[in-house]
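Undergrad: this one's sequence-less:
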């Protein structure tokens, strides 16, 4: 009982501070007779520490009976694209953590042990924000990753 309470609290605390995504769309990739089809889901989230940067993530979502019950483990396949959508305003927090990287988005991709993450880096020399997405597991992560860079330029109101 105590261990399940600790696990529940750690899962909740792990998502604090990270952005929440909204689903933009999805496409079916494999038909499943029972349960939902396998899909590619497209989600958008705004960087919580940088005003006017939006990132779009496409990721695999496992269907079938296990997927419908939330018991399946999604693959580590994901892509990311981030854009400036208005005048960028960097907080002091972003400038202070430029070399370390900061998790700005997390999504659970298995029942307990696996999650998709987006980490932001600030490249002061090149005046850019870099967003790295990858999957990790408690025991064995995946080297699959994707990268997107947003140059910090004056906003022209495109």
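TA: Right, received. Where do you want to start? The model shown is predicted, which means the values in this text are computed figures rather than measured ones.

Undergrad: Give me the helix or strand of the protein that scores worst on average pLDDT.
TA: For the chain, using mean pLDDT, DSSP states H and E, the weakest element among its helices and strands is helix 2-14, scoring a mean of 40.

Undergrad: So which elements touch the next helix or strand after that one?
TA: Counting by DSSP states H and E, the next helix or strand C-terminal to helix 2-14 is strand 22-30. The helices and strands touching strand 22-30, judged by 3 or more Cβ pairs under 8 Å, 6 or more residues apart in numbering; DSSP states H and E, are strand 38-46, strand 50-61. (Each C-beta comes from the backbone N, C-alpha and C, glycine too.)

Undergrad: secondary structure class for residue 150?
TA: Secondary structure, DSSP: H, G, I helix; E, B strand; the rest coil: residue 150 is strand.

Undergrad: Any idea how many residues pack against it?
TA: Residues lying near residue 150 (other Cβ atoms under 10 Å) number 22.
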